[in-house]
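Engineer: what's the 3D shape of this:
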Amino acid sequence: MRQQAPAWMVGMGHGATHWIAATFYLLIPYMREDLGFSYLEVGLLGSTFHVSSFLANFGSGMVVDVLGKRVAIQFLSLVVGAAALMLFGLAGGLVVLFVLVGLIGATNNLWHPAAISFLSGAFPKNRGYTLSIHTLGATMGDSLAPLCIGALLAVMTWEKSALIGGIPVIVVALLIFTTLVRLDRDPESTTTRRISPGDYFRGLRDMFTDKAAMGLCLMAGFRSMAQNGLLVFVPLYLADILGFSPFYIGLSMTAMQIGGLVAGPAAGVVSDRIGRRPVVMMAVTATTLIILLLALANNEIVFIGGASMLGFALFAMRPVLHSWMMDMTPLEMHGSATSALFGVQSGLSFMIPALGGWVADVYGIGSVFYLLAGFMMVANVLVFMLPPPPRHDDETAA
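Structural biologist: Predicted structure coming up:
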C-alpha cells in the first residue's frame, strides 16, 4: 500500500479537479435563476468550459513532456482552478463568469497530461489499475461535491457556496506539493522523463498519423459528449421538471456517480488481464441503452434508478480508455497523448451544452436525452471498428 501512496495522492488531486467542475454544474440552476439566464445562455457558459479546455491542449502536452515537472504542474492547475471558482460570487454578470469558467476549463485540462503521464510512468505494469485509482478520485469528487455543495445551497447563497467550495481544493493542492514535489527533482525517476523539442515534434507527428490512436480519441470524444451533456442537463431536469430541492439534486447526482466507485477499479483490473477493447465495448453499449431508458422515463423513480445504473457503465470506461491510449504511445509522449485524447473530447464536447440548451428551449428538456443517446450510438460504432492495440511502451520501466 505504501508503494501505491503516490497514486492515491494524485487520485485525490484528480478528485479536487472534479470537485470544482461538479460544483460549477450544481451552481448552474441557481445562477440561472438569480441572474436571469436562458437555457441557451447557461449552455454557452458550459460550452466555455470545454472550449477553454480544448484550447489549452495546444500547449499543455508539450509543457509536460518537455519540462517533465509533472507534480508542479498538477499543483498549479489546482490552485488556479480553485481561485477561479472562489471568485464566482464577485462576477456579477455573464462576461466575467465566461472568463472564470474558461480558467477552470483550461486548468482542468492542464491537470490530465501531467497526472496521467506521471502515473503511467510510475506504474507501467499495472497501468489499468493505477489509472482506475485516478478515476476513482474523480468519482469521489463528483460524488462528494453535489452532496456538500447541495447542503450549502440549502442554507446560503450560491456565491458563498462557490467561495467555500474552493477551500478543500487549495488544501489538496498543498498536500500534493509537499508530499510529491521531490519527485520532480529526481532525474532517475520515470515520472520526470522528458524529451527535446525536436524529438517531441517527431513523436507528435507519429502519434497523429496512427489511425488506431486517433480512432480511439474520436470514440472517446463522442462518449464525452454524452457524459458532459448529462452533467449539465440532469440537474436542470431535476430542478425544473421534477422540482427537486438543492439537497436532493445533489443526492441524485451523487447516486449517478456511486457506480463509478465500484466499476472504475474493477474495469481497470479486468482490462489489465483481458485487454482494453472488450471492457470498453461492453461499457459503451450499456451506456447507450441506459441513456435511452432515461429518455423514455416518465416518473422520478425510474429516472433516478436509471441515473444510478448509468454510473456503472459510463464511468467504468474512463480508466480503460486512458490506459488504452497510454498502451499505444511511447512513455516519453504520454503527456501529449493525454492532451490529444482530452483535446478531442473537449473539441467535440464544447458544442453540447449550447446545442442541448437550444433543444431544451425548443423541444423541451426531456428531448436532450435522445440527443445524448444518439452520440453514444456513434461511439458504439467506432469502438467496434477499433483494432486491438499493439503495446508501444517499455513495460520493464520501474
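Engineer: next one: the helix or strand in which Met281 is found to chain centre, how far?
Structural biologist: Per DSSP states H and E: Met281 is located in helix 276-296. Chain-centre distance of helix 276-296: 18 Å, with C-alpha atoms, centre = their mean, to the nearest Å.
Engineer: what's the answer for stretch 98-115, then?
Structural biologist: With C-alpha atoms, centre = their mean as the basis, stretch 98-115 stands 11 Å off its chain's centre.
Engineer: and that stretch, what's buried?
Structural biologist: Using 16 or more other C-beta atoms under 10 Å as the test for burial, stretch 98-115 gives 98, 100-115. (C-beta placed from N, C-alpha, C; glycine too.)
Engineer: quick revisit: show residues contacting the helix holding Met281.
Structural biologist: Helix 276-296 is contacted from outside by 128, 219, 223, 226, 230, 263, 267, 270-271, 302-303, 306-307, 309-310, 312-314, 316-317, 320-321, 323-324, 327, 366, 369-370, 372-373, 376-377, 379-380, 383-384, 386, 388-389, using C-beta atoms under 8 Å, 6 or more residues apart in numbering.
Engineer: and Ser224, what helix or strand is that in?
Structural biologist: Per DSSP H and E, Ser224 falls inside helix 211-240.
Engineer: do the same with Gly305
Structural biologist: If you go by DSSP H and E, Gly305 is part of helix 300-314.
Engineer: contacting residues around that helix?
Structural biologist: So helix 300-314 is contacted by 139, 223, 226-227, 230, 234, 237, 242, 252, 255-260, 262-263, 283-284, 286-287, 290-291, 293-294, 297 (C-beta under 8 Å, 6+ apart).
Engineer: same thing but 6 Å
Structural biologist: 242, 252, 255-260, 263, 283, 286-287, 290, 293-294, 297 (C-beta atoms under 6 Å, 6 or more residues apart in numbering).
Engineer: please apply the same query to stretch 359-371.
Structural biologist: Here stretch 359-371 has contacts from 39-40, 233, 237, 294-295, 356, using C-beta under 6 Å, 6+ apart.
Engineer: again, but for stretch 213-225
Structural biologist: 207, 321, 328, 340-341, 344-345, 348-349, 352, 375, 378-379, 382-383, 386.
Engineer: kindly export that stretch (C-alpha atoms) in PDB.
Structural biologist: Below are the C-alpha coordinates for stretch 213-225, written out as PDB (Å, rounded to 0.1, in the frame of the first residue of the first chain):
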ATOM      1  CA  ALA A 213      -4.800   6.100 -31.700                       C
ATOM      2  CA  MET A 214      -6.800   8.800 -33.400                       C
ATOM      3  CA  GLY A 215      -9.800   6.400 -33.800                       C
ATOM      4  CA  LEU A 216      -9.700   5.900 -30.000                       C
ATOM      5  CA  CYS A 217      -9.600   9.700 -29.500                       C
ATOM      6  CA  LEU A 218     -12.700  10.100 -31.700                       C
ATOM      7  CA  MET A 219     -14.600   7.400 -30.000                       C
ATOM      8  CA  ALA A 220     -13.800   8.800 -26.600                       C
ATOM      9  CA  GLY A 221     -14.900  12.200 -27.800                       C
ATOM     10  CA  PHE A 222     -18.400  11.000 -28.600                       C
ATOM     11  CA  ARG A 223     -18.600   9.300 -25.200                       C
ATOM     12  CA  SER A 224     -17.500  12.600 -23.600                       C
ATOM     13  CA  MET A 225     -20.300  14.500 -25.500                       C
END
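Engineer: what mean pLDDT would you report for it?
Structural biologist: Averaging pLDDT along stretch 213-225 yields 88.
Engineer: for that stretch, which positions count as buried?
Structural biologist: Neighbour-count burial for stretch 213-225 [16+ other C-beta under 10 Å]: 213-225.
Engineer: rewinding a little: which among the contacts of helix 276-296 count as buried?
Structural biologist: When the contacts of helix 276-296 are checked for burial by 16+ other C-beta under 10 Å, the buried set is 128, 219, 223, 226, 230, 263, 267, 270-271, 303, 306-307, 309-310, 312-314, 316-317, 320-321, 323-324, 327, 366, 369, 372-373, 376-377, 379-380, 383, 386, 389.
Engineer: just to revisit the earlier point, next helix or strand past the helix holding Ser224?
Structural biologist: Using DSSP H and E, the helix or strand that follows helix 211-240 towards the C-terminus is helix 246-274.
Engineer: now do that next one: distance to the chain's middle.
Structural biologist: With C-alpha atoms, centre = their mean, you get 13 Å for helix 246-274.
Engineer: which parts of that helix count as buried, going by neighbours?
Structural biologist: Applying 16+ other C-beta under 10 Å to helix 246-274 flags 246-261, 263-272 as buried.
Engineer: likewise for stretch 50-60?
Structural biologist: So for stretch 50-60, counting by 16+ other C-beta under 10 Å, buried means 50-57, 60.
Engineer: swap in stretch 121-137?
Structural biologist: Neighbour counts over stretch 121-137 (16+ other C-beta under 10 Å) mark 121-124, 126-137 as buried.
Engineer: state the mean pLDDT of it.
Structural biologist: Stretch 121-137 comes out at a mean pLDDT of 78.
Engineer: now do it: distance to the chain's middle.
Structural biologist: Worked out by C-alpha atoms, centre = their mean, stretch 121-137 lies 15 Å from the chain centre.
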